[in-house]
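Undergrad: prediction below, plus the sequence it came from.
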Amino acid sequence: MNITQDIQYVGVNDHEIDLFEGQYDVPNGMAYNSYAIIDEKIAIMDTVDARFGEEWLKNIEMALQGRVPDYLVVQHMEPDHSANITTFAKAYPNAKIVSSAKAFVMMKNFFGNDFADRQIVVGEGITLSLGKHELTFVTAPMVHWPEVIVTYDSADKVLFSADGFGKFGALDADEDWACEARRYYIGIVGKYGAQVQALLKKAAGLDIQIICPLHGPILTENLGYYLHLYNTWSSYGVESEGIVIAYTSVYGNTKKAVMRLADLLREKGCPKVTVNDLARCDMAEAVEDAFRYGKLVLATTTYNGEIFPFMREFIHHLTERNFQNRTVAFIENGSWAPMATRVMKGLLEKSKNLIFTEATVRLLSAMNSESEAQLEALADELCKEYK
């Protein structure tokens with residue numbers, strides 16, 4: 001795949017994987033992207049997952065047509081991108097390895113070798129000339145590991161963005177970019193919004209025409225769309241108007257209340273209502289929805305003097321990723337001592353800029369006229385701006 005006249009794709013598709021990072025369902029696989037910049041000197045940008053080293057080296061060989069690389073640039077040390085550093089070093093013993101100081105420490109930890117005699121240590125603003133192509137390195141600490149750098153090629157106006165602007169799915173997957181990029185971002189990078197904001201400010205000073213991430217497709221058109229989404233996600237802004245209901249239900253009574261609320265919200269004009277059964281849905285999809293929309297309803301039972309485990313896990317996923325700037329409502333159920341609302345509010349107490357609705361819903365085992373009225377009041381409060 002030719003990205004520009006001098007930049008070729010040498011990465012691989014992985015259709016064998018079922019769970020990325022051991023937890024994210026990836027039905028359409030993953031792409032591990034690597035690039036060759038071919039000039040007077042040649043730089044290979046990052047490696048690929050350990051299982052694809054042989055295929056990757058063949059891709060490099062085909063792209064270079066008898067030439068050999070001068071440099072391997074390591075932007076990120078996570079093993080899906082760094083696992084074949086040693087393989088590369090053995091295949092190309094004269095090539096230098098270019099990375100941040102922290103990355104070389106990690107190499108020693110991963111491989112027992114920091115390639116001291118072949119190191120080129122780079123940091124903020126350091127450049128590397130390949131001839132026509134001059135690479136400028138930009139530090140991106142905690143996006144989403146501390147050693148990360150991204151690389152700007154001023155000749156072709158390309159940003160090699162490490163894990164930034166990546167998505168789940170192999171390159172031959174026919175799927176919407178935003179959906180899988182959002183799930184990827186929120187799940188993996190979402191905690192580090194401030195650091196992503198800092199990187200976006202640095203990127204704003206560059207003339208970027210192409211973005212080459214380490215996962216997902218190369219972005220060549222309408223870059224403002226992708227940059228806008230990343231700015232929204234990393235500032236914890238509301239991407240879409242709508243209401244998410246996340247619930248657990250033991251015997252079906254809490255579910256009945258949730259479904260009644262969903263019907264009321266739709267009747268009252270809410271533009272989008274999404275319902276997630278936390279015991280059965282993809283948890284990452286539910287977390288994605290909570291960050292995408294502006295309002296969240298949490299509905300669960302009191303359980304062992306606490307809350308149902310799937311709800312606790314869900315709230316932990318939210319707070320771990322700095323959930324903020326949202327309106328939150330509660331539905332609790334308890335046969336004799338309901339306390340789920342109090343527990344859920346306590347779990348959210350460190351989240352910033354949350355607005356809790358005045359209306360709340362309490363079930364004592366099953367719905368009755370009182371809880372029905374509470375559902376009506378909650379629906380009115382959540383939908384008042386849509387009328």
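TA: Structure's in. What do you need? Numbers count the residues shown, from 1 in each chain.

Undergrad: wait, residue 257 sits on residue 364?
TA: No. With contact defined as C-beta atoms under 8 Å, residue 257 does not reach residue 364; the gap is 11.6 Å. C-beta here means a position set from N, CA and C on the backbone, and glycine is covered the same way.

Undergrad: which one's more surrounded, these two?
TA: Using other C-beta atoms under 10 Å as the criterion, residue 257 and residue 364 rank with residue 257 on top: 26 against 15.

Undergrad: quick one: that one is in a helix?
TA: Yes. Per DSSP: H, G, I helix; E, B strand; the rest coil, residue 257 lies within a helix segment.

Undergrad: pull up the distance across stretch 58-71, start to finish.
TA: 17 Å (C-alpha to C-alpha, to the nearest Å).

Undergrad: just how off-centre is that stretch within its chain?
TA: Chain-centre distance of stretch 58-71: 32 Å, with C-alpha atoms, centre = their mean, to the nearest Å.

Undergrad: thinking again about what came up before, between residue 257 and residue 364, what contacts are shared?
TA: Common contacts of residue 257 and residue 364 (C-beta atoms under 8 Å, 6 or more residues apart in numbering): 333, 371.

Undergrad: list the residues that contact residue 70.
TA: So residue 70 contacts 41, 42, 43, 94, 95, 96, 130 (C-beta under 8 Å, 6+ apart).

Undergrad: look up phi and psi at it.
TA: Torsion angles at residue 70 (phi, psi; degrees, to the nearest 10) stand at phi -100, psi -30.

Undergrad: excluding its backbone neighbours, what's nearest it?
TA: residue 41 (4.1 Å; C-beta to C-beta, 6 or more residues apart in numbering).

Undergrad: ok, the one you found touching residue 131?
TA: Yes. In this structure, residue 41 is within contact of residue 131 by C-beta under 8 Å, at 6.2 Å.

Undergrad: neighbour count for these two, which is higher?
TA: residue 41 (17 against 13).

Undergrad: and the more buried one, what does it touch?
TA: 70, 71, 129, 130, 131.

Undergrad: TSV please, covering the residues you listed and showing pLDDT, secondary structure and distance to residue 57.
TA: Shown next, in TSV, are those (pLDDT from 0 to 100; DSSP: H, G, I helix; E, B strand; the rest coil; distance: C-beta to C-beta, whole Å):
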residue	pLDDT	secondary structure	distance to residue 57
70	98	coil	16
71	98	strand	16
129	98	strand	26
130	98	coil	20
131	98	coil	24
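
Undergrad: returning to what we had before: quick one: which of the contacts of residue 70 is nearest residue 165?
TA: Proximity to residue 165 was ranked across the contacts of residue 70 by C-beta to C-beta; first place goes to residue 43, at 20.0 Å.

Undergrad: is the closest one located within a strand, as I assumed?
TA: Yes. Membership of residue 43 in a strand is supported by three-state DSSP.

Undergrad: quick one: secondary structure of residue 211?
TA: The three-state label given to residue 211 by three-state DSSP is strand.

Undergrad: could you pull up the residues touching it?
TA: Residues near residue 211 by C-beta under 8 Å, 6+ apart: 158, 159, 161, 165, 218, 219, 223, 226.

Undergrad: wait, what's in contact with the residue lying closest to it once chain neighbours are set aside?
TA: Once flanking residues are discounted, residue 211 sits nearest to residue 219: 4.2 Å by C-beta to C-beta, 6+ apart. Going by C-beta under 8 Å, 6+ apart, residue 219 touches 165, 210, 211, 212, 213, 226.

Undergrad: separation between the third one and residue 138?
TA: The reference is to residue 211. Separation of residue 211 from residue 138 (C-beta to C-beta, to the nearest Å): 13 Å.

Undergrad: and for the fourth one?
TA: Between residue 212 and residue 138 the computed distance is 14 Å (C-beta to C-beta).

Undergrad: more neighbours, the two?
TA: residue 212 (28 against 24).

Undergrad: could you pull up phi and psi at the closest residue in space to that one that isn't next to it in sequence?
TA: Nearest residue to residue 212 in three dimensions, chain neighbours excluded: residue 160, at 4.9 Å (C-beta to C-beta, 6+ apart). Main-chain dihedrals, residue 160, degrees, to the nearest 10: phi -90, psi 110.
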